[in-house]
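Participant: Predicted model, plus sequence, below.
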Amino acid sequence: MDLTSEVGLRLLFSPISSSVVLRTACCTVGTVLPVYSTFKAIDNNDQNEQKKWLLYWTVYGSFSVAEVFADKILTWFPLYHHAKFAFLVWLQLPSSNGAKHLYMSHLRPFLLRHQARLDQILEFIYNGMSKIISAHQAKIRFAGALFVKLMASVNQIVADLVHPGQRQPNHSIESPRQVDSDTQSASDD
């Protein structure tokens with residue numbers, strides 16, 4: 001076995017670093033790679049790939065919702081993150097077509113069975129959100145403006161840290177610059 005394989009296996013199965021490595025791997029395999037693949041499918045206007053990734057996101061979203069409620073229990077099981085990583089890979093593999101299989105055999109029948117009730121719940125939520133947004137429109141605009149100013153300040157701080165000594169223009173109002181008397185008299189002539 002070569003050195004890189006041995007190091008990789010030790011990181012994967014080491015109890016101390018395993019959780020960190022596997023959580024990072026799950027995040028990468030579960031979201032980062034599919035986001036890029038979805039982008040490529042949309043950008044290339046490939047209907048088959050778009051459908052594949054739409055099915056994946058439907059299954060992944062459902063899994064994420066279930067995981068939110070079961071996470072505190074599931075993380076106590078040994079090798080949970082290993083199983084989650086394998087599950088996420090299985091969902092995406094073209095040879096297994098896991099996302100399509102789960103969607104067609106479990107998720108779609110469930111959603112069809114409960115579609116009327118789910119539509120009522122979503123309508124109730126959308127109506128409630130619309131009322132809240134309408135009632136607090138001025139506060140939302142204020143929060144948006146505050147967020148933009150905060151991001152501008154953060155951007156300036158990061159720019160100052162990355163490039164110390166180079167001051168970015170702050171677009172503030174400044175007093176008129178003093179003109180040399182020589183240049184002033186030359187312009188008067």
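Facilitator: Here it is on my side, so go on. Residues are numbered from 1 along each chain as shown.
Participant: measure Lys51 to Tyr60 for me?
Facilitator: Look at Lys51 and Tyr60: by C-beta to C-beta, to the nearest Å, they are 15 Å apart. The C-beta positions use only the backbone N, C-alpha and C, and glycine is treated the same way.
Participant: Looking at those two, which one has more neighbours?
Facilitator: More neighbours sit around Tyr60 than around the other of Lys51 and Tyr60, counting by other C-beta atoms under 10 Å; the figures are 19 against 12.
Participant: What separation do you get for that one and Arg23?
Facilitator: Separation of Tyr60 from Arg23 (C-beta to C-beta) stands at 16 Å.
Participant: Ok, Ser95 next?
Facilitator: Looking at Ser95 against Arg23, where the rule is C-beta to C-beta, the gap reads 26 Å.
Participant: out of those two, which sits in the busier spot?
Facilitator: Arg23 (14 against 6).
Participant: I'd like the average pLDDT over the helix or strand hosting Val158.
Facilitator: Taking DSSP states H and E as the criterion, Val158 maps to helix 137-162. Confidence over helix 137-162, taken as the mean pLDDT, stands at 90.
Participant: Kindly report the same for stretch 70-83.
Facilitator: The predicted model assigns stretch 70-83 a mean pLDDT of 83.
Participant: cool, and stretch 165-184?
Facilitator: For stretch 165-184, mean pLDDT rounds to 54.
Participant: And the residue nearest the centre of the chain?
Facilitator: Thr31 (7.5 Å; C-alpha atoms, centre = their mean).
Participant: quick one: pLDDT of the closest residue to it other than its chain neighbours?
Facilitator: Taking C-beta to C-beta, 6 or more residues apart in numbering, and ignoring the residues beside it in sequence, Thr31 has Tyr60 as its nearest neighbour in space, at 8.0 Å. Looking at Tyr60, its pLDDT is 96.
Participant: Also the one 3 residues further on?
Facilitator: The confidence metric pLDDT takes the value 94 at Phe63.
Participant: Which positions in the helix or strand where Ala66 lies come out as buried?
Facilitator: In this structure, Ala66 sits in helix 47-74 according to DSSP H and E. The neighbour-count check on helix 47-74 (16 or more other C-beta atoms under 10 Å) flags Lys52, Trp53, Leu55, Tyr56, Trp57, Thr58, Val59, Tyr60, Ser62, Phe63 as buried.
Participant: and if you look at stretch 73-81?
Facilitator: Of the residues in stretch 73-81, His81 count as buried by neighbour count, 16+ other C-beta under 10 Å.
Participant: Can you get me the start-to-end distance on that stretch?
Facilitator: Its first and final residues considered, stretch 73-81 spans 12 Å by C-alpha to C-alpha, to the nearest Å.
Participant: same question, stretch 88-104
Facilitator: Stretch 88-104 has an end-to-end distance of 17 Å (C-alpha to C-alpha).
Participant: before we move on, the earlier item: would you format the buried residues of helix 47-74 as JSON lines with distance to Ser130 included?
Facilitator: As requested, the buried residues of helix 47-74 are arranged in JSON lines below (distance: C-beta to C-beta, whole Å):
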{"residue": "Lys52", "distance to Ser130": "34"}
{"residue": "Trp53", "distance to Ser130": "30"}
{"residue": "Leu55", "distance to Ser130": "30"}
{"residue": "Tyr56", "distance to Ser130": "31"}
{"residue": "Trp57", "distance to Ser130": "25"}
{"residue": "Thr58", "distance to Ser130": "25"}
{"residue": "Val59", "distance to Ser130": "29"}
{"residue": "Tyr60", "distance to Ser130": "28"}
{"residue": "Ser62", "distance to Ser130": "26"}
{"residue": "Phe63", "distance to Ser130": "29"}
